[in-house]
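Visitor: got a predicted model here, sequence first, then my questions.
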Amino acid sequence: MSGSPTIRLRGLSKHFGGVKAVDAVDLDVRAGEFFSMLGPSGSGKTTVLRLVAGFEQPTSGSVELFGDDVTAKAAFERDVSTVFQDYALFPHMTVLDNVAYGLRVRGVRPRQRRERALQALEAVQLAHAAQRKPTQLSGGQRQRVALARASVVEPKVMLLDEPLGALDLKLREQMQVELKQIQRNLGITFVFVTHDQEEALSLSDRVAVFNNGRIEQLGTPRELYENPASLFVADFVGTSNLFTDEHAVRLIGRQGAFSIRPERLRLVTDPHAGAGNDTSGGRPSAPGTVVESIYVGSAVRCVVDLDDGPRVTVLEHNDGSRREERVRGGRIHVVWQDDDVVALVPAAS
Amino acid sequence: MHLGRPTRGLLAAITGLTLAVIYLPLVVVLINSFSSSTSLSWPPPGFTLEWWVRTANSAGARDAVVTSVGVALASTVIALVLGTLVAIALQRYDFFGRSTVNLLVILPIALPGIVTGIALNNFFRTIAGVPLSIWTVVVAHATFCIVTVFNNAVARLRRTGTRLEEASADLGAGGWTTFRLVTFPQLRSALLAGGLLAFALSFDEIIVTTFTAGSGVTTLPIFILNNMFRPNQAPVVAVIAVVLVVVSVVPIYLAQRLSAADVDRR
């Protein structure tokens, strides 16, 4: 088994009618990694997950788990556990019976499965709710039960389909931390489907960005953020200021679309008068008009209409100095460094 | 929307009149079952419990009740098994001829009873060579009882979706285990509602029964028909009619409450 990846997808396609939901995807997921599939809705990420779990049969291509081809195997014959977006807890069973379900169908004795289910519930701090029905739990609690139910059978791979999608922001952030901890403690492979780029970046070892049923880019969060390979990735992962071919010629004097992250842009009133000594005249800059200046606590987000380019967003770290010069309609210069320019290849259409 | 006073009055009158046309005759039957007149003259000259006592002691009436309950139970059981199976097949699997099967399963409830009756009568006697008996009635009733079970089961399956079954398979359960532990518990109340409706449907059925019953098989409705025009039996018929109403209405009321409670719970 050594050497073969935990999950290996080769030429995996799934068509629904005439729609190519998944289009010839090749992918290796390594043992023990937190792997995310990121993309907008309809990009094929959830279908890939369902193909791995065995809920869907591929139109063509193969799914391998731990080196074995499982393409023709049913869901119950695959050693993976799924956490569903809507949790899919059995409403007619107690929380304890839900968690014990996987052990029950594996023929574990009642006493032992009760014990192990309780342990799994303790791990998610829900042992006190063991005798309740799922409908009596809050969203966050149901989420934890679903996690306990999936993990109690000790799978080598856990598939998570937008598991935090239904939670409010605060709970979401809390659960993100817990998920990461659970994954580290269990030491198993997590395949995490999400449309939330921030979530994907903060949790994952590697991320695959999906678009139109294909993988647009695969890499570490840092690679995706710092070096997006296409317009689509630059736009979808994080906030980007996108510059088209035309803008490129006018602003940096060469062809090719590029992007610059908002936090890499700076604002100065006069680029030549040396507002701060480090600002040399050779630094690229572009004049524009302030459209909006929004105070967001840790930073000030400033929207500027460039005279020779698009509308850009500039994120200025809140260092305590008051920036009253950023008044709406005021003239300003946006400056950056050559290193911050990320050249883009157009998204595959 | 706010209605004017005259409109409201008019609507109330129409509603009252409609309900009166439906229910007053039933009330008359109920009162007549206590009437002391054997010819059911109106208004009743006096009241008596004699007919109720006589009906209770009538062997013919008792046999008819037993026969009707037996037929209704047997056809309900057949309908429950077959209706559930076909509902799962049509709702969970895709196969050639699926929509045709769907239509063919629902059709019997729309077919005129007289057509079903004649067709089955013909089929049993001349083609299948099966003598008419209580079992031919059971099979005939099951053909339309399946529909109520099927409709309830399909609606429930559609609403619960496949998520729970996927979760069960994902946790390692095979098809039968998933049905036993997940699908069936989800279906239970829908099957109970469908079964009660099927029971009520079979219990007061007369047309198909007339054509498929063997000699000596007397269900309650047939008993009423046979005794309706016999002298001095009118009050007994009224008593049986009241019993029939109660036995058919209670299951339907229960079935409705079950479905309503289920909707509230979800």
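Guide: Okay, I see it.

Visitor: just the CA atoms of the helix or strand A:Ser36 falls within, as CSV, please.
Guide: Assessed by DSSP states H and E, A:Ser36 sits inside strand A:34-38. Extracted C-alpha coordinates of strand A:34-38, given in CSV (Å, rounded to 0.1, in the frame of the first residue of the first chain):
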residue,chain,number,x,y,z
PHE,A,34,-6.5,18.0,4.9
PHE,A,35,-7.6,18.3,1.3
SER,A,36,-10.2,20.9,0.2
MET,A,37,-12.2,21.0,-3.0
LEU,A,38,-13.1,24.7,-3.5
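
Visitor: the helix or strand where A:Gly61 lies: which residues count as buried?
Guide: Secondary structure from DSSP H and E places A:Gly61 in strand A:60-65. Residues A:Gly61, A:Val63, A:Glu64, A:Leu65 are the ones in strand A:60-65 that count as buried (16 or more other C-beta atoms under 10 Å in any protein chain shown). C-beta coordinates here come from the backbone N, C-alpha and C atoms, glycine included.

Visitor: give the contact list for residue 174.
Guide: Defaulting to chain A. A:Gly140 (C-beta atoms under 8 Å, 6 or more residues apart in numbering or on different chains).

Visitor: that answer is for a different chain, and I need it for chain B
Guide: A:Phe76, A:Val105.

Visitor: what pLDDT is listed against it?
Guide: As predicted, B:Gly174 sits at a pLDDT of 91.

Visitor: for it, phi and psi?
Guide: phi -80, psi -180 (degrees, to the nearest 10).

Visitor: and the helix or strand where A:Gly288 lies, average pLDDT?
Guide: Element membership for A:Gly288 (DSSP H and E) is strand A:285-295. If you average the pLDDT over strand A:285-295, you get 87.

Visitor: that one packs against which elements?
Guide: strand A:299-306, strand A:331-335 (3 or more C-beta pairs under 8 Å, 6 or more residues apart in numbering or on different chains; DSSP states H and E).

Visitor: partners of it in the sheet?
Guide: Using DSSP bridges, the strands paired with strand A:285-295 in its sheet are strand A:299-306 (antiparallel), strand A:331-335 (antiparallel).

Visitor: buried residues of the longest helix along chain B, list them for me.
Guide: For chain B, the longest helix by residue count, based on DSSP state H, is helix B:59-92. Buried residues in helix B:59-92, counted by 16+ other C-beta under 10 Å: B:61, B:63-65, B:67-69, B:71-80, B:82-84, B:86-88, B:90-91.

Visitor: near chain A at all, that helix?
Guide: No. Counting by C-beta under 8 Å from any C-beta of the partner chain, chain A is not contacted by helix B:59-92; separation bottoms out at 12.5 Å.

Visitor: next helix or strand past that helix?
Guide: helix B:98-110.

Visitor: one step back: so which elements touch the strand holding A:Ser36?
Guide: Looks like strand A:34-38 contacts helix A:45-53, strand A:189-194, helix A:197-203, strand A:206-211 (3+ C-beta pairs under 8 Å, 6+ apart).

Visitor: pull the distance from the lowest-mean-pLDDT helix or strand in chain A to the chain's centre.
Guide: Ranked by mean pLDDT, DSSP states H and E, the helix or strand of chain A with the weakest confidence is helix A:245-252, at a mean of 80. Relative to its chain's centre, helix A:245-252 lies at 31 Å (C-alpha atoms, centre = their mean, to the nearest Å).

Visitor: and residue 60, what is it in contact with?
Guide: If you meant another chain, say so; for now it's chain A. A:Ser60 neighbours (C-beta under 8 Å, 6+ apart): A:Gly11, A:Leu12, A:Ser13.

Visitor: my question was about chain B
Guide: Counted by C-beta under 8 Å, 6+ apart, B:Gly60 has contacts B:Thr218, B:Phe223.

Visitor: which residues of the stretch 1-150 of chain A score low on pLDDT?
Guide: Residues of the stretch 1-150 of chain A meeting the criterion pLDDT under 70: A:1-3.

Visitor: from A:Asn212, how far off is A:Gly17?
Guide: Distance, A:Gly17 to A:Asn212, by C-beta to C-beta, to the nearest Å: 16 Å.

Visitor: higher neighbour count, these two?
Guide: A:Asn212 (18 against 6; other C-beta atoms under 10 Å in any protein chain shown).

Visitor: my guess is the more buried one meets A:Ser43, correct?
Guide: Yes. Counting by C-beta atoms under 8 Å, A:Ser43 is a contact partner of A:Asn212 at 6.6 Å.

Visitor: chain B contacts on the stretch 201-349 of chain A?
Guide: Residues of the stretch 201-349 of chain A lying near chain B (C-beta under 8 Å from any C-beta): none found.

Visitor: return the set of buried residues in the least confident helix or strand of chain A.
Guide: For helix A:245-252, using 16+ other C-beta under 10 Å, the buried residues are A:His247, A:Ala248, A:Leu251, A:Ile252.

Visitor: just stretch A:35-47 next, same as before
Guide: A:Phe35, A:Ser36, A:Met37, A:Leu38, A:Gly39, A:Ser43, A:Gly44, A:Lys45, A:Thr46, A:Thr47.

Visitor: could you export these as CSV, including distance to A:Tyr101?
Guide: CSV is the format used below for those (distance: C-beta to C-beta, whole Å):
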residue, distance to A:Tyr101
A:Phe35, 26
A:Ser36, 27
A:Met37, 26
A:Leu38, 30
A:Gly39, 31
A:Ser43, 31
A:Gly44, 30
A:Lys45, 27
A:Thr46, 23
A:Thr47, 25
